[in-house]
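> need coordinates for the following:
(2 chains)
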Amino acid sequence: MATQRVSGSQAVILSLLEEGVDTIFGYPGGAIMPIYDALYDFDQQVTHYLTRHEQGAIHAAEGYAKVTGKVGVCFATSGPGATNLITGLADAQIDSIPLVCITGQVASPLLGTDAFQESDVVGITMPVTKWNFQVTSADEIPEAIAKAFHIALTGRPGPVLLDIAKDAQFAQFDFEYKKCTKIRSYLPEYPIDPFQVKAAADLINEAKKPIVLFGHGVILGHAEAELKEFIEKTGIPAAWTLLGLSALPSDHPLNVGMLGMHGNYGPNIKTNEADVVISIGMRFDDRVTGKVAAYARQAKVIHLEIDPAEINKIIHADAPVLGNAKKSLRMLIDNVNSNFHSDWLAEFHACDKIEYDKVIFHDVYPKKVGLTMGEVVRIASEKTNNDAILVTDVGQQQMIASRYFKFHQSRSNVTSGGLGTMGYGVPAAMGAKIGQPDRVVFAMVGDGGFQMTIQELGTISQYEIGVKIIVLNNNFLGMVRQWQQLFFEKRYSFTEMKNPDFVGIAKAYGLASQKVTSRDQLETAIQEMLDHEGPYVLEVVVEQEDNVFPMIPTGASISDIILEP
Amino acid sequence: MKQEYIITVFSEDHIGLLSRITIIFTRRKINIDSLTVSESAIRGVFKFTIVIHETADRVQKVVGQLEKVVDVLKVFANTNDEMIYQELALYKVSTDLLFESDEVEKIVRRSGARILEVTREYVVIEKTGHSDETQLLFDELNVFGVTQFIRSGRVAITRSTIERLSVFLKERDALLEQVD
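Numbers count the residues shown, from 1 in each chain, chains lettered A, B, ... in the order given. Presented below is the predicted three-dimensional model:
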């Protein structure tokens, strides 16, 4: 490739184009103005979305990355612009979301002088990025961006931040772009060891009561087809973590539901009865394991995992298989015998029956007067033929939606798992809709989380991003209230909210909106929202003391999951 | 059971890496007892020698997290008996002490320390050894009065005949080829 004389700012945009970027979320400011000026000339190649807050930009980039499998890109200025990215970076770091964030920085001679809008962004973001780098000279830009994309997307993905000093943005240099494919100190994934595969296959072939626990790694590794083939060949029931949701169709006969604190009854108690646990691309989060000392002690554990630091971190792996799940599952499929476990699977069905009668039926077909979150989720899912993208915020609506929304396609569930970031839902849904414009994208949010990033309605309005926002309003911080009810003697300390007129706010932003307070309006309202071209805000007033069950109380074993208070 | 471990981190020569490494300890509230950074025998590869007091399990997990740092090449953790290690200590005492009695001189000779510099006012004594040895000398000298004392971070090398990192770098090259 021939070199061309460009400014550092032009080099930023040209480098992003080389990486196939066509979508950027961001917010300008002093120290990143040269980059925004360069961007002005590329409006045919790149669409930039001006959010209303940098947190909105980074969550949008996360939502975009999750549904597309591409790297999400966002821009922010120095100082407060950059610090507003921190929550999103921490979220992406713990949930392994590939992002490249570019922040402007004060000119390099001013570094360390407490210049206007200077903050030590590289220092602040170190614990919440997979890699970060400060650029102080224009000619470092192409290589830094190439490395950033390589690191963000390969291996266990994660967020990367480049902090570019303003003088480097202005300086002219000879631009040449070379993609990064190798870094000596960074091995994205290990080649699969056939002996590890054999050891795992031997355990699986001998197993009488095996269970598969799959997580985000299946989606990140594009291993959905291999997962399906593996469980179908071996007849093993498969349960998912919150971030594994949608990797396997909801109606698959071997899909036995969700793990963890508010997961399904069967997969939780059966994990403690299984003889072999095959965990695939998941990291035994405390919300999944409950009390670790009482978790799957009876089972031999097989752990397919790309990140060596995850193996034996929480649960000892009797048969670790290090590497990309797509490749290890392929090798595993070739080494396991065809099998079925109908009696064992029937035990899950028996649990499902119990849970359906005690919990699910009352959640999704309630008889009580007040609306439940469960019925809203059920109807939203049904009305889109279980084929929409679901974006949730954090709290009760997140758990309820994850439990009752149904999926056909992978990469259809977008949620903040590890960090539990309230305010994530609306901006992440914007990014998801931009990434998958032809699919219905629901943002299922509570009244609390909605108000943390409610300003993004401005972005949605400006760019007519057709997200369907459902605000499940109980005028409470519902999950905290539920815990206060169950574990703090109903001392509802600062969880009740006086909310604004959400429909009025939506309308003020120029968005279609309505409010539903009773069951007879609900189906029609959801249908109207779906029939409406473009964005829509539907407020559904739900019952105040609606709780999420089943539940594994903190510190309890998964075997002690409770179905009712 | 907690015991002393020597963690050796081999890394590329990049600004900010020291922070990236130390925050991994900070996050787990592990105190770094000693830290030494220098270039290794391989040009451009830096070596952090970090001493902590921890359980084997926690050490193993920290090593895993350290190896995830993109610019880190390889991390080793060893117990003290697996390595040869030294620390250097400097002691400053008043020159008058040496004239008043021959005790200080005896202590210095016995401990294998050496005198680095003598001025009219003070004498600087240097001793290399394990921390209990340099501490013992301090305690003995301090009976007479030590006016300044400093001990370096630990430096350590393995007992094996080969440089661990060169083996690693060869293997890494092969692995990087394989995953393409």
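
> from here on, just use CA atoms for contacts and neighbour counts.
Fine.

> from residue A:367, how far off is the residue nearest the centre of chain A?
Closest to where the C-alpha atoms of chain A average out (Cα atoms, centre = their mean) is residue A:415, at 4.0 Å. Distance of residue A:415 to residue A:367, computed by Cα to Cα, to the nearest Å: 29 Å.

> same thing with residue A:433?
34 Å.

> okay, the two: which has more neighbours?
More crowded of residue A:433 and residue A:367, by other Cα atoms under 10 Å in any protein chain shown: residue A:433, with 26 against 12.

> how about the host helix or strand of residue A:380: buried residues?
Using DSSP states H and E, residue A:380 sits in helix A:373-383. Across helix A:373-383, burial judged by 16 or more other Cα atoms under 10 Å in any protein chain shown covers A:373, A:374, A:375, A:376, A:377, A:378, A:379, A:380, A:381.

> can you tell me the closest non-neighbouring residue to the residue nearest to the centre of chain A?
Take residue A:415 and drop its neighbours on the chain: the residue closest to it by Cα to Cα, 6 or more residues apart in numbering or on different chains is residue A:392, 5.2 Å away.

> phi, psi of that neighbour?
phi -120, psi 160 (degrees, to the nearest 10).

> please list all residues in contact with it.
By Cα atoms under 8 Å, 6 or more residues apart in numbering or on different chains, residue A:392 lies in contact with A:398, A:401, A:414, A:415, A:416, A:424, A:425, A:443, A:444, A:445.

> cutoff 10 Å now
A:398-402, A:413-416, A:422-426, A:428-429, A:442-446, A:449, A:469-470 (Cα atoms under 10 Å, 6 or more residues apart in numbering or on different chains).

> per-domain residue ranges of chain B.
Following automatic domain parsing, chain B resolves into domains at B:3-83, B:84-151.

> quick one: the residue lying closest to residue B:68 once chain neighbours are set aside and residue A:320, what's the gap?
Leaving out its chain neighbours, the residue that sits closest to residue B:68 by Cα to Cα, 6+ apart is residue A:309, at 7.5 Å. Going from residue A:309 to residue A:320 by Cα to Cα gives 12 Å.

> more neighbours: which of those two?
Between residue A:309 and residue A:320, residue A:320 has the larger neighbour count (other Cα under 10 Å), namely 22 against 18.

> just confirm yes or no for the strand or helix carrying the more buried one near chain B.
When elements are assigned from DSSP H and E, residue A:320 belongs to strand A:319-322. No: on the criterion Cα under 10 Å from any Cα of the partner chain, strand A:319-322 is out of touch with chain B, staying 12.8 Å away.

> list the neighbouring strands of that strand plus their orientation.
Partner strands and pairing direction for strand A:319-322 (DSSP bridges) are strand A:300-305 (parallel).

> where in chain B is the helix or strand with the lowest mean pLDDT?
Least confident element among the helices and strands of chain B, by mean pLDDT, DSSP states H and E: helix B:164-178 (a mean of 87).

> distance from that one to the middle of the chain?
Relative to the centre of its chain, helix B:164-178 is centred 26 Å away, using Cα atoms, centre = their mean, to the nearest Å.

> just stretch A:294-314 next, same as before
Using Cα atoms, centre = their mean, the offset of stretch A:294-314 from its chain centre is 22 Å.

> what mean pLDDT does it get?
When pLDDT is averaged along stretch A:294-314, the result is 97.

> tell me how far the ends of that stretch are from each other?
OK, stretch A:294-314 end separation, Cα to Cα: 12 Å.

> which helices and strands sit right next to the longest strand belonging to chain B?
In chain B, with assignment by DSSP state E, the single longest strand is strand B:83-94. Using 3 or more Cα pairs under 10 Å, 6 or more residues apart in numbering or on different chains; DSSP states H and E, the elements in contact with strand B:83-94 are strand B:114-118, strand B:122-129, helix B:131-142, strand B:146-151, strand B:155-158.

> which one of these lies closest to residue B:50?
When the helices and strands packed on strand B:83-94 are compared by Cα to Cα, strand B:155-158 sits nearest residue B:50, at 8.9 Å.

> what lines up beside that closest one in the sheet?
According to DSSP bridges, strand B:155-158 forms sheet pairs with strand B:83-94 (antiparallel).

> would you map the strands across the stretch 1-150 of chain A?
When assigned using DSSP state E, counting those that start in this stretch, the strands of the stretch 1-150 of chain A occupy the ranges A:4-7, A:23-26, A:47-50, A:72-76, A:99-105, A:131-135.

> same list (the ones you listed) but as TSV, adding mean pLDDT, distance to chain B and mean neighbour count.
Output for the strands of the stretch 1-150 of chain A, formatted as TSV (pLDDT from 0 to 100; distance: least, Cα to the nearest Cα, whole Å; neighbours: other Cα atoms under 10 Å in any protein chain shown):
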stretch	mean pLDDT	distance to chain B	mean neighbour count
strand A:4-7	95	25	16
strand A:23-26	98	25	24
strand A:47-50	98	30	19
strand A:72-76	98	20	29
strand A:99-105	98	15	30
strand A:131-135	98	7	23
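
> adding distance to residue A:111, write those out as JSON lines.
Output for those, formatted as JSON lines (distance: least, Cα to Cα, whole Å):
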{"stretch": "strand A:4-7", "distance to residue A:111": "21"}
{"stretch": "strand A:23-26", "distance to residue A:111": "23"}
{"stretch": "strand A:47-50", "distance to residue A:111": "27"}
{"stretch": "strand A:72-76", "distance to residue A:111": "18"}
{"stretch": "strand A:99-105", "distance to residue A:111": "8"}
{"stretch": "strand A:131-135", "distance to residue A:111": "11"}
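
> what are the bridge partners for the residue nearest to residue A:415, then?
In this entry, residue A:392 is beta-bridged to residue A:444, by DSSP bridges.

> tell me the residues of chain A that contact chain B?
Chain A comes close to chain B at residues A:122-123, A:126-127, A:129-134, A:151, A:156, A:181-192, A:307-314, A:323, as judged by Cα under 10 Å from any Cα.

> from the residues you listed, list the buried ones, please.
A:122, A:126-127, A:129-134, A:151, A:156, A:182, A:185-192, A:307-313, A:323.

> name the residues of chain B found near chain A, please.
Counting by Cα under 10 Å from any Cα, chain B sits next to chain A at B:10-12, B:14-17, B:19-21, B:23-24, B:27, B:57-58, B:60-74, B:169, B:172-173, B:175-180.

> nearest the geometric middle of chain B, what residue?
residue B:154 (1.5 Å).

> quick one: contacts for that residue?
Neighbours of residue B:154 in contact, by Cα under 10 Å, 6+ apart: B:6, B:33-37, B:49-51, B:85-88, B:129-131.

> compute the inter-axis angle for whichever helix or strand comes after the strand holding residue A:320 and strand A:300-305.
Per DSSP H and E, the first helix or strand lying C-terminal to strand A:319-322 is helix A:325-335. Angle between the axes of helix A:325-335 and strand A:300-305 is 140 degrees (criterion: axes from the mean of the first three to the mean of the last three Cα atoms, to 10 degrees).

> that older thread, reformat the helices and strands packed on strand B:83-94 as TSV; add mean neighbour count and mean pLDDT.
Listed next are the helices and strands packed on strand B:83-94 as TSV, based on neighbours: other Cα atoms under 10 Å in any protein chain shown; pLDDT from 0 to 100:
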stretch	mean neighbour count	mean pLDDT
strand B:114-118	14	95
strand B:122-129	19	97
helix B:131-142	16	96
strand B:146-151	14	96
strand B:155-158	18	93
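
> which one, of these, ends up nearest to residue A:506?
Across those, residue A:506 has its closest neighbour in strand B:155-158 (64.2 Å, Cα to Cα).

> next one: that closest one to chain centre, how far?
Remark: strand B:155-158 is offset 8 Å from the chain centroid, using Cα atoms, centre = their mean.

> and the helix holding residue A:380, what does it pack onto?
So helix A:373-383, by 3+ Cα pairs under 10 Å, 6+ apart, packs with helix A:361-364, strand A:389-392, helix A:396-404, strand A:441-446, strand A:468-473, helix A:519-531, strand A:536-541.

> report the strands that pair with the last one, each with its relative direction.
Going back to what we said before, that points to strand A:536-541. Pairing partners of strand A:536-541, with direction, according to DSSP bridges: strand A:468-473 (parallel), strand A:512-516 (parallel).
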